[in-house]
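Asker: 3D model of this:
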Amino acid sequence: MKSEKPLYSVVVTGDSLAPEAMKLLEGACRVVFAGPYPDPSKLAQLLHQEKAQGLILRTGKATAEVIQASPDLKIVAKHGVGYDAIDVAAATALRIPVLISASANFESVAEHALGLMLALAKDIARMDTRMHQGFWDKTQYRGVELFRKTLGLIGFGRIGRRVSQLVAPLQMKILISDPYIPQESIPAGIQSVSPLENLLKEADIVSLHCPLTQETRNLIGDKELRTMKKSAFLINTARGGIVNEEALIAALREGKIAGAGLDTFSKEPPDDLRRLCEAGKLVLTPHIAASTDAAFTRMGVEAAQNTLTVLEGKPPDKNSMANPELLETKG
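Answerer: Now for the predicted structure:
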């Protein structure tokens, strides 16, 4: 039997959650939607007003002001895996666990990364545009085969591993750069490369699958782009801040790399995409790699489950925590 009065107050940044997620929350929680990309100050006011005990972050930022706004806040749950928009240090200082939807969207993002690779190699976006304009460029077209090319994966978590599986029929050589992956956990036939420069020199396609941290911010800049082959493609379905966009614009203009497929950007939505669009061969999508019906449902359900777990006083899954040290120390 459901409680007549909700036990918990949960704020969600966005305008909806999957019905399956709402079904988990209803009865136990009063859910308040803050709308997409809410201003942090207004979001903080809403959390304070609602005496929120849970925050599910779909879009926007959970700044220190937001996290400190409600003295009752017990959980920040990310609707997805990237938590760079959450001030984890501020949450940790208040002993508030930050949990991600760890296994929700890796399939969708991996498929999107492969889609960007194919779109660049086969020039699908430009050929489609030309056909819609009435042109027939058959005699001028020359595409690129991915068969037995070298794929460099920067980051080898769930998404990177799935990408390596998806390209298996293409018999690509797989190189990875991930200092946090033990050698014994790397599948046979995949080579771990260090330093990063060695991967960049050899790869025909460089695909980013690492989180945005202080260590990885601007990981791909002018030096790294100039190290890559002039025929190489860069794929980014991770976080925009990993790539220095000004350096990328220069590299594309100067022909230092052949093209890029980007789903994430330093500022979202970007203020002005014109300079990037005019720089060279690009396939762009608006941070939608995880936006499939199946992934949306899984992200919502995992975020709801993580929220309820903490609010009900149960121990959270350490593998889903951005601040697992809270489980290792006593308050």
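
Asker: Stretch 167-176: which residues count as buried?
Answerer: Going by neighbour count (16 or more other Cβ atoms under 10 Å), the buried part of stretch 167-176 is 167, 172-176. Using the backbone N, CA and C atoms, a C-beta is placed for each residue, glycine as well.

Asker: tell me the contacts of P36?
Answerer: The contact partners of P36, taken as Cβ atoms under 8 Å, 6 or more residues apart in numbering, are 13-15, 58-60.

Asker: returning to that earlier point: in helices only, show me the buried residues of stretch 167-176.
Answerer: If you go by DSSP state H, the buried residues of stretch 167-176 have nothing in helices.

Asker: Greatest separation within the contacts of P36: which pair is it?
Answerer: By the measure Cβ to Cβ, D15 and G60 form the most distant pair in these, at 11.9 Å.

Asker: Looking only at neighbour counts, state which of these two leads.
Answerer: Using other Cβ atoms under 10 Å as the criterion, D15 and G60 rank with G60 on top: 19 against 11.

Asker: now the helices for the protein?
Answerer: Using DSSP H, the helices of the chain run over 19-25, 40-50, 64-67, 88-93, 106-121, 124-132, 158-166, 196-202, 222-227, 245-253, 274-277, 293-311, 325-328.

Asker: got the contact list for the last one?
Answerer: The contact list for helix 325-328, computed with Cβ under 8 Å, 6+ apart, reads 92, 95, 97, 315-316, 318, 321.

Asker: where does this structure have low pLDDT?
Answerer: Counting by pLDDT under 70, the ranges of the chain that qualify are 1-4, 329-331.

Asker: For the residue nearest in space to the middle of the chain, give me its contacts.
Answerer: Geometric centre of the chain, nearest residue: A238, 4.2 Å, by Cα atoms, centre = their mean. Applying Cβ under 8 Å, 6+ apart to A238 gives the contacts 82, 155, 208-212, 264.

Asker: rewinding a little: specify which member of the contacts of P36 is nearest to V144.
Answerer: Distance ranking of the contacts of P36 against V144, using Cβ to Cβ, places T59 first at 35.1 Å.

Asker: burial of that closest one, as a residue count?
Answerer: 18.

Asker: contacting residues for it?
Answerer: Neighbour list for T59: 13-14, 36-38 [criterion: Cβ under 8 Å, 6+ apart].
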